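Asker: here's my sequence, what's the structure:
(one chain, ligands or ions: 2)
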Amino acid sequence: MSLRICFIASEVAPLAKTGGLADVAGALPRYLHDRGHDVRVFMPLYSSISLGALDPQPVPNVQNVELKLGPHRYSFSLLAATLPGSQTPVMLVHCPAAFDRATLYTNAPDEHLRFLVLQRAVLESCQRLAFAPQIVHCNDWHTGLVPLLLKSLYAWDRLFDEARTVMSIHNIGYQGVFGAGTVYDTGGEIRHLLSPEDLSRGQINWLREGLRHAHRVSTVSPTYAQEIRSPIGSHGLDTTLRARGDDVVGILNGVDYGEWNPATDRYLKHRYSPQDLSGKVATKRSFLDWLNLPLPVTTPMFGIVSRMTAQKGFDLLFDTLPEILAGRDCCLTAVGNGERRYEEFFDDLQQRFPDRVAFHRGYNEELSHLIEAASDIFLMPSMYEPCGLNQMYSLKYGTVPIVRKTGGLADSVQMWDPATRTGTGVVFNDFDPPAMRWALHTALDLFKDQDAWQQMMRNGMAKNFSWDTQGMEYEKMYANLLS
Ligand code: ADP
Ligand code: GLC
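Answerer: Numbers count the residues shown, from 1 in each chain. Ligands and ions are numbered 1, 2, ... in the order given. Below you'll find the predicted structure:
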């Protein structure tokens, strides 16, 4: 059955990306489009998006549309294009007053208005296009008010009669919490629909409203779907989630193997596959040379590609990593940016071990692919991880992940078992330095047994997390919602 799907996200790869949400929003709709669904992706037209190759066309009925957000006035126009390398329609909400900023997200006082513009613009556009979505798929807090808007401000419009809403949680640590005064900017009479507890605290929590009002809630791994029902993992939303009972499902993210495959990776000079791993060694050799790390290619290399936030567990590395670098034969390459204390930690590490550590502070697509390919061990000791994509990319690249047993990491990496020679990585449980230390030493010890190591690499490379299987789970959820 072909469905009409309105898919809304604040970032969509390759047009705008700060993390894995963009990867998912760029890949899942492509899958759905290829399966014959009429899916339209809606996102902001940020000023950082280069329009050249995209060649977006103004949508005739949706130009200079006025939006009244409380006392604020905006005007937006819709541009239509297709996601690069596909025929999947992407609808760009052009509103310079909201999206012409230095970064995708800001701490500016009008942050709620920016994403209200997105959400209202999507619904106004559907109306003007006479596009009656059967599924409205919302992602993270930036889209959290859409289910509630459909129940209030847009409830009169028969166009949305069939619409079933899905609220996907990619990261519960970000909720979009604003002062209750901003409720007037949303438009319409919605106070009676809002969480009374939040209102009594003088707040509105966009993600919570999404979780309360969507027909179905999904998150990006089965383990995370369990974790967020408990007070420890939920960042305060467990009661809301438990109240939804079986309406909360966990679907592991897929990997876009068109983008992440060492046999076809456009950033690699020396490509490789499980049948012939020589390209991995050659990649590592030239990467070490390029980084000016004077080391033999046999030196085990740790790799990190990450946003640098507390979520990613880098606090566990503060003591353990310098110890390991001082005491054992190994090296590290990392790319990332974010909180100062982590950036400074990696800067210091590089200064202390100039021959063994290379850190690039920033966001760099090419480096992220090179690190995935050249490293032997990928470090992802997250405090929490809804799904995580880099550990799955690592498996495909024969780069053995060290992960903490949480969220999607627990669902995608299995501990190596020497007795059965099964398993794909090193998995540790406790969020503390001794467990981290154990994992680092264990990986380095295993690396010495190259026979076992190669088996572990091949086990990982044989795993398949493609969207062909994961996308089907979303189709089942949609069908179930509409039945
Ligand atoms: P999260 O969404 O929490 O950041 P994921 O593992 O799901 O974590 O996805 C992160 C995505 O962002 C991956 O595609 C990763 O390669 C990319 N990424 C993260 N940091 C950087 C960086 N500094 N440079 C390039 N790509 C990065
Ligand atoms: C979030 C999570 C990450 C997940 C990604 C895509 O940013 O932190 O674990 O893989 O979204 O769903």
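Asker: least trustworthy helix or strand in the protein by mean pLDDT?
Answerer: Least confident element among the helices and strands of the chain, by mean pLDDT, DSSP states H and E: helix 183-186 (a mean of 93).
Asker: pLDDT value on the residue of the chain at minimum distance from ligand 1, please?
Answerer: Ligand 1 sits closest to Gly20 of the chain, with a gap of 2.2 Å, by C-beta to the nearest ligand atom. Placement of C-beta: from N, CA and C, glycine included. For Gly20, the model assigns a pLDDT of 97.
Asker: and Gln470, by the same measure?
Answerer: Model confidence at Gln470 (pLDDT) stands at 97.
Asker: I'd like to know how far Ala373 sits from Val400.
Answerer: 13 Å (C-beta to C-beta, to the nearest Å).
Asker: again with Ala163
Answerer: For Ala163, the distance to Val400 equals 45 Å [C-beta to C-beta].
Asker: of these two, who's got more company?
Answerer: More neighbours surround Val400 than the other of Ala163 and Val400, with 27 against 22 (other C-beta atoms under 10 Å).
Asker: residue contacts, that one?
Answerer: Applying C-beta atoms under 8 Å, 6 or more residues apart in numbering, we find Val400 in contact with 376-378, 394, 424-426, 443, 446, 453, 456-457, 460.
Asker: and it, backbone torsions?
Answerer: phi -70, psi 120 (degrees, to the nearest 10).
Asker: just confirm Phe302 is within a helix.
Answerer: No: Phe302 is assigned strand when assessed by DSSP: H, G, I helix; E, B strand; the rest coil, not a helix.
Asker: what sits against it?
Answerer: Cys330, Cys331, Leu332, Thr333, Ser375, Asp376, Ile377, Phe378, Leu379.
Asker: 10 Å instead?
Answerer: Shown in contact with Phe302 (C-beta atoms under 10 Å, 6 or more residues apart in numbering): 317, 321, 324-325, 330-334, 356-357, 371, 375-379, 399, 402, 440, 443-444.
Asker: what does Tyr184 give?
Answerer: Counted by C-beta under 10 Å, 6+ apart, Tyr184 has contacts Leu69, Gly70, Pro71, His72, Ile190, Arg191.
Asker: Ile5: what secondary structure?
Answerer: Applying three-state DSSP: Ile5 is strand.
Asker: so in that sheet, which strands flank the longest strand seen in the chain, and in what orientation?
Answerer: Secondary structure of the chain per DSSP state E: the longest strand is strand 72-82. Note on strand 72-82: by DSSP bridges, its sheet partners are strand 57-58 (antiparallel), strand 65-69 (antiparallel), strand 89-94 (antiparallel).
Asker: any idea of the mean pLDDT in the shortest one?
Answerer: When pLDDT is averaged along strand 57-58, the result is 98.
Asker: who touches it?
Answerer: Residues outside strand 57-58 that contact it (C-beta under 10 Å, 6+ apart): Ser77, Leu78, Leu79, Ala80, Ala81, His94.
Asker: what about the fourth one, neighbour count?
Answerer: Which is Ala80. 17.
Asker: the contacts of strand 57-58: which two are farthest apart?
Answerer: Spanning the widest gap among the contacts of strand 57-58 are Ser77 and Ala81, at 13.3 Å by C-beta to C-beta.
Asker: all good on my end, thank you.
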